[in-house]
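> No letters, just coordinates:
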């Protein structure tokens with residue numbers, strides 16, 4: 001493979017009720033310097049268990065903790081995030097979600113895009129955050 005792929009998984013294990021069979025990963029390090037982190041939600045990456053069900057703040061905290069952990073596994077950190085995309089299922093969650101993300105990324109100044117979507121992959125998920133970062137030289 002041309003890139004380093006971190007925490008590989010198959011969707012048949014993550015979403016057994018959906019009868020999918022896609023090979024994916026949580027993070028890709030491309031050309032040794034660019035890090036692409038898959039959308040993170042209120043889910044424990046080690047157990048695949050949903051956490052903070054019904055709690056948008058708790059789900060955002062878990063998503064950001066996952067991003068921090070995945071970036072560290074890739075050799076990067078939150079300080080090196082260049083771009084984030086935030087997906088929420090209700091526009092009323094925006095302020096709460098952005099407060100949590102803002103605490104995690106204070107002083108980082110990434111480009112940010114926010115999108116309101118009708119649903120995420122599971123009905124209990126309220127927010128999803130993906131990130132693009134670099135590995136420092």
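All right, it came through fine. The structure displayed is predicted, hence computed values, not measured ones.

> Next, the buried residues of the longest helix along the chain.
Counting by DSSP state H, the longest helix found in the chain is helix 56-74. Buried residues in helix 56-74, counted by 16 or more other CB atoms under 10 Å: 56-64, 66-71, 73-74. Bear in mind the C-beta positions are built from the backbone N, C-alpha and C, glycine included.

> any idea which helix or strand comes after that helix?
On the C-terminal side of helix 56-74, the closest following helix or strand by DSSP states H and E is strand 81-88.

> what about the helix or strand just after that following strand, distance to the chain center?
The element immediately downstream of strand 81-88 (helix or strand, assigned by DSSP H and E) is helix 94-104. Here helix 94-104 is found 14 Å from its chain centre; the criterion is CA atoms, centre = their mean, to the nearest Å.

> Can you tell me who the residue nearest the centre of the chain pairs with across the strands?
Centroid-nearest residue in the chain, with CA atoms, centre = their mean: residue 40, separated by 2.3 Å. On the basis of DSSP bridges, residue 40 is bridged to residue 129.

> I'd say it and residue 61 touch.
No. Look at residue 40 against residue 61 with CB atoms under 8 Å: they stay out of range, at 10.8 Å.

> which parts of the least confident helix or strand in the chain by mean pLDDT are buried?
One helix or strand of the chain scores below all others by mean pLDDT, DSSP states H and E: strand 23-30, with a mean of 76. For strand 23-30, a neighbour-count test (16+ other CB under 10 Å) marks 25, 26, 27, 28, 29 as buried.
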